[in-house]
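Student: A predicted structure for the sequence below; I have some questions about it.
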Amino acid sequence: MTFAALADPTRRAILARLAQGETNVGELAAPFHISGPAISRHLKVLESAGLIERRVDAQWRLCRLRGEAMREASQWLNAYRAFWEESLDRLTEYFESKPARRRKKR
């Protein structure tokens, strides 16, 4: 669910804004040219993925970032980063150990 939530650029932009601190839904929606219900759906996806937390304070609907889901995703990605870096290092070694082929002149 975390990666599905992060797949959308609008949701990533919302998370980037929330990284600066808690804010209300109106301020979150302001930079986007989409409807209120569309913002609400984005927030619901982020909340379901555990990336944000929403609460009501009087007339305000406030959102804030939750770090645990992002931390878990980062740990998962780091494990694969190590795998791919090792694989690319081996591929580089392989190509560097082979003599370069010369092109035939026509």
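Tutor: Now that the structure is in, tell me what you want to look at.
Student: list the helices and strands the worst-scoring helix or strand of the chain on mean pLDDT packs on?
Tutor: Across the helices and strands of the chain, mean pLDDT, DSSP states H and E gives its lowest value to helix 67-97, namely a mean of 84. On a contact count with 3 or more C-beta pairs under 8 Å, 6 or more residues apart in numbering; DSSP states H and E, helix 67-97 meets helix 2-6. C-betas here are computed from N, CA, C, even on glycine.
Student: what's the helix it packs on packed up against?
Tutor: helix 9-18, helix 36-48, helix 67-97.
Student: Show me which residues of that helix are buried.
Tutor: Thr2, Ala5, Leu6 (16 or more other C-beta atoms under 10 Å).
Student: Which residues does that helix contact?
Tutor: Contacts of helix 2-6 with the rest of the structure, by C-beta atoms under 8 Å, 6 or more residues apart in numbering, involve 11-12, 15, 45-46, 48-51, 69-70, 72-73.
Student: Perfect, that will be all.
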